[in-house]
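*Asks:* Need coordinates for the below:
(one chain, ligands or ions: 2)
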Amino acid sequence: MASPKKKLQGLVAATITPMTENGEINFSVIGRYVDYLVEEQGVKSIFVNGTTGEGLSLSIEERRRVAEEWVTKGKNKLDQVVIHVGALSLKESQELAKHAAEIGADGIAVIAPFFLKPWNKDVLINFLKEVAASAPALPFYYYHIPALTGVKIRAEELLDGIQDKIPTFQGLKFSDTDLLDFGQCVDQNRQRQFAFLFGVDEQLLSALVMGATGAVGSTYNYLGKKTNQMLEAFEQKDFSSALNYQFCIQRFINFVLKLGFGVSQTKAIMTLVSGIPMGPPRLPLQKASREFTDNAEAKLKSLDFLPFTGLKDRNLETCS
Ligand SMILES: CC(=O)N[C@H](C=O)[C@@H](O)[C@H](O)[C@H](O)CO
Ligand SMILES: CC(=O)C(=O)O
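*Replies:* Ligands and ions are numbered 1, 2, ... in the order given. Have a look, this model is predicted:
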């Protein structure tokens with residue numbers, strides 16, 4: 001059984017996997033990255049080897065080493081380190097789950113297998129159950145991301161009775177815009193101490209209203225501080241300020257989405273904002289263009305999302 005540990009809450013950064021210019025993992029900057037998240041962004045939990053971390057583009061050995069490095073560097077600094085261990089091969093997924101437990105991670109998450117797919121809830125549960133059983137002492141999270149996996153089984157349906165099958169089940173990372181499904185996950189599981197973690201950063205405020213207990217996302221790497229201000233305002237029931245923060249965050253995300261936004265662009269933006277070199281992504285992704293980065297930088301400056309831009313007196317959009 002999972003030890004009844006502290007609930008995963010607040011902002012969780014989906015970590016980028018830093019790489020060198022020749023495509024190897026750059027382990028040397030992970031310590032600095034941890035400090036940056038904690039000190040500059042106020043983000044104390046991380047989600048490793050997920051979408052943003054290009055987890056499915058790494059070899060199993062690389063995934064093990066990346067997980068280990070984050071756990072080691074995060075010791076006594078981070079609240080929780082959750083490792084995504086989803087894979088197409090059940091065996092690999094189980095191996096990664098076991099490894100996550102051995103290195104002292106705080107939880108594991110799994111996406112639905114996305115090549116040969118489970119076609120109904122029971123089959124998906126069976127797969128998840130086998131993975132969870134390989135790390136019987138670790139909290140287990142299901143990572144729902146139907147747009148990328150193509151597995152569209154509704155989360156609400158999946159959660160129905162899930163603890164009978166997966167006793168370590170502890171919550172859901174919900175990366176979809178279907179707030180009916182998300183709301184019903186919360187509504188139907190009020191008696192249980194699940195974490196409901198929302199994964200569409202530009203819509204987090206609406207998910208908070210629906211009962212989200214936290215959020216996992218790529219933008220918390222560099223907009224963590226801003227988003228924490230939104231969480232704070234929401235907590236204080238200052239909804240007009242919370243909405244103001246959400247709109248500011250939306251202006252940025254809306255802008256980059258129109259330019260074409262994904263993991264490559266996240267790497268470029270994080271390099272720019274943090275000063276820590278994230279490097280290029282791995283194929284099949286391609287490095288963000290110079291034009292994208294210049295445009296994103298100008299937008300970050302105009303929203304006052306970059307520290308020390310010296311633009312204070314110029315045309316800032318009001319985003320305080
Ligand atoms: C598909 C994807 O990567 N989603 C991320 C997490 O689930 C989000 O953090 C988005 O990057 C973010 O909401 C911007 O659309
Ligand atoms: C965003 C997210 O949760 C991921 O990168 O997996």
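*Asks:* For the stretch 201-320 of the chain, which residues are neighbours of ligand 2?
*Replies:* Proximity of the stretch 201-320 of the chain to ligand 2, by Cβ under 6 Å from any ligand atom, involves residues V216, G217, S218. C-betas here are computed from N, CA, C, even on glycine.
*Asks:* export those to a markdown table and tack on pLDDT?
*Replies:* Formatted as a markdown table, the entries for these read as follows, by pLDDT from 0 to 100:
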| residue | pLDDT |
| --- | --- |
| V216 | 98 |
| G217 | 98 |
| S218 | 98 |
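*Asks:* What about the residue of the chain found nearest ligand 2, how many residues nearby?
*Replies:* In the chain, the residue that lies nearest ligand 2 is G50 (2.3 Å; Cβ to the nearest ligand atom). Here the number of neighbours of G50 (other Cβ atoms under 10 Å) works out to 29.
*Asks:* do you know how far it is from F182?
*Replies:* When distance is defined by Cβ to Cβ, to the nearest Å, G50 is 18 Å away from F182.
*Asks:* Just the ones in strands from the residues of the stretch 201-320 of the chain next to ligand 2, please.
*Replies:* When these are checked against strands (DSSP state E), the matches are V216, G217.
*Asks:* can you put the residues of the stretch 201-320 of the chain next to ligand 2 in a markdown table and add neighbour count?
*Replies:* Supplementary listing: these in a markdown table, determined by neighbours: other Cβ atoms under 10 Å:
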| residue | neighbour count |
| --- | --- |
| V216 | 29 |
| G217 | 27 |
| S218 | 27 |
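*Asks:* S240: which of the residues of the stretch 201-320 of the chain next to ligand 2 is nearest?
*Replies:* G217 (23.2 Å; Cβ to Cβ).
*Asks:* Surely the closest one and G199 touch.
*Replies:* Yes. With contact defined as Cβ atoms under 8 Å, G217 and G199 form a contacting pair (5.8 Å).
*Asks:* the helices in the stretch 201-320 of the chain, which residues?
*Replies:* Counting by DSSP state H, counting those that start in this stretch, the stretch 201-320 of the chain has these helices, from start to end: 204-209, 220-235, 239-259, 263-274, 290-302.
*Asks:* V12: which of these is closest?
*Replies:* For the helices of the stretch 201-320 of the chain, the distance to V12 is smallest for helix 220-235, at 7.0 Å, taking Cβ to Cβ.
*Asks:* tilt between that closest one and helix 290-302?
*Replies:* With axes from the mean of the first three to the mean of the last three Cα atoms, to 10 degrees applied, the angle from helix 220-235 to helix 290-302 works out at 30 degrees.
*Asks:* Let me know the average pLDDT across helix 220-235.
*Replies:* Confidence over helix 220-235, taken as the mean pLDDT, stands at 98.
*Asks:* which parts of that helix are buried?
*Replies:* Within helix 220-235, the residues scored as buried using 16 or more other Cβ atoms under 10 Å are 220-224, 226-231, 233-234.
*Asks:* Same check on stretch 103-117?
*Replies:* In terms of neighbour count (16+ other Cβ under 10 Å), stretch 103-117 has its buried residues at I103, A105, D106, G107, I108, A109, V110, I111, A112, P113, F114.
*Asks:* Could you report the neighbour count for N254?
*Replies:* Other residues within reach of N254, judged by other Cβ under 10 Å, total 13.
*Asks:* Ligand 1 contacts on the stretch 51-200 of the chain?
*Replies:* Contact residues (Cβ under 6 Å from any ligand atom) of the stretch 51-200 of the chain with ligand 1: T51, T52, S175, G199, V200.
*Asks:* burial count for the last one?
*Replies:* The burial metric for V200, expressed as a neighbour count using other Cβ under 10 Å, is 18.
*Asks:* quick one on the thing from earlier: among the buried residues of stretch 103-117, which are in strands?
*Replies:* Using DSSP E to define strands, the subset of the buried residues of stretch 103-117 located there is G107, I108, A109, V110, I111.
*Asks:* so the last one touches I145, yeah?
*Replies:* If I follow you right, that is I111. Yes. With contact defined as Cβ under 8 Å, I111 and I145 form a contacting pair (5.9 Å).
*Asks:* distance of the residue nearest to S218 when sequence neighbours are not counted from G161?
*Replies:* In space, and not counting its chain neighbours, S218 is closest to T52: 4.3 Å by Cβ to Cβ, 6 or more residues apart in numbering. Relative to G161, T52 is positioned 31 Å away (Cβ to Cβ).
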